[in-house]
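The amino acid sequence is not available; the structure is as follows:
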């Protein structure tokens, strides 16, 4: 089995592939303070719930935007899986040209998403990833990564409101019954929810104008399923886009293509 690991600033997502089939996935909190052995215990417990054993792991590929986590995960692979993982970064073949001032600056997860989306749809695309930051990436019809935009994530934006407006309560993120709300909690939810949907539509619309193109818009990330119905510009939601991109990049490097 292939273990794919996507390390984000807030969450780490692990997926287990049997050939091309994603058989199981897990989402855990990214915690830089955990040791190799603590991560091994956590993953061992998750595996046990699905009757998976460490010896079932034949290879590992990692995408990581939290540098201190890399040493921990490499240690985990070495000590418990007895293998050296593939790391998405300089030197790894993605099969996608990157037109960016400094390609090394592009987050690994953004490239992984772009590879997966282009492999799936084979047309021009905008990929929107709802994470700690929300990223917007444009891929041309020829499969070239052209760049994009980075906005504060919904959680960060809401947290700023809670912290800076002392009379406002902390509210749950959910879609309110109406935009012209009748109480403070619903008013805050309306501003957060519909405001963020408007941010998505605004950036996607400007990217389409600048690209002079009508790309397919694909959303992924933890909140994609909640925001997509309220945003007018999102065409598809794929919660496993990053995991799939890791599997594709692994195959391209394993086979030497």
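Arrived safely, thanks for sending. Remember, predicted model here, so these are calculated numbers, not experimental data.

Is residue 211 in contact with residue 138, as I believe?
Yes - here residue 211 reaches residue 138: they are 5.9 Å apart, a contact under Cβ atoms under 8 Å. All C-beta atoms are positioned from the backbone trio N, CA, C, and that covers glycine.

Can you pull the residues that touch both of these two?
Common neighbours of residue 211 and residue 138, counting by Cβ atoms under 8 Å, 6 or more residues apart in numbering, are 124, 146.

Which residue of these two possesses the greater neighbour count?
Regarding residue 211 and residue 138, a neighbour count based on other Cβ atoms under 10 Å identifies residue 138 as having more, with 23 against 15.

tell me the contacts of the nearest residue to that one once chain neighbours are set aside?
In space, and not counting its chain neighbours, residue 138 is closest to residue 146: 4.6 Å by Cβ to Cβ, 6 or more residues apart in numbering. Contacts for residue 146 (Cβ under 8 Å, 6+ apart) come out as 99, 138, 139, 140, 211.

what helix or strand is residue 146 on?
strand 145-152 (DSSP states H and E).

same question, residue 24
strand 21-29.

again with residue 128
strand 125-130.

among the contacts of residue 146, which are in helices?
Those of the contacts of residue 146 mapping onto helices are residue 211, per DSSP state H.

Of the contacts of residue 146, which is the nearest to residue 248?
Proximity to residue 248 was ranked across the contacts of residue 146 by Cβ to Cβ; first place goes to residue 139, at 13.8 Å.

tell me the centre residue of this structure?
residue 221 (4.9 Å; Cα atoms, centre = their mean).

Many thanks, have a good one.
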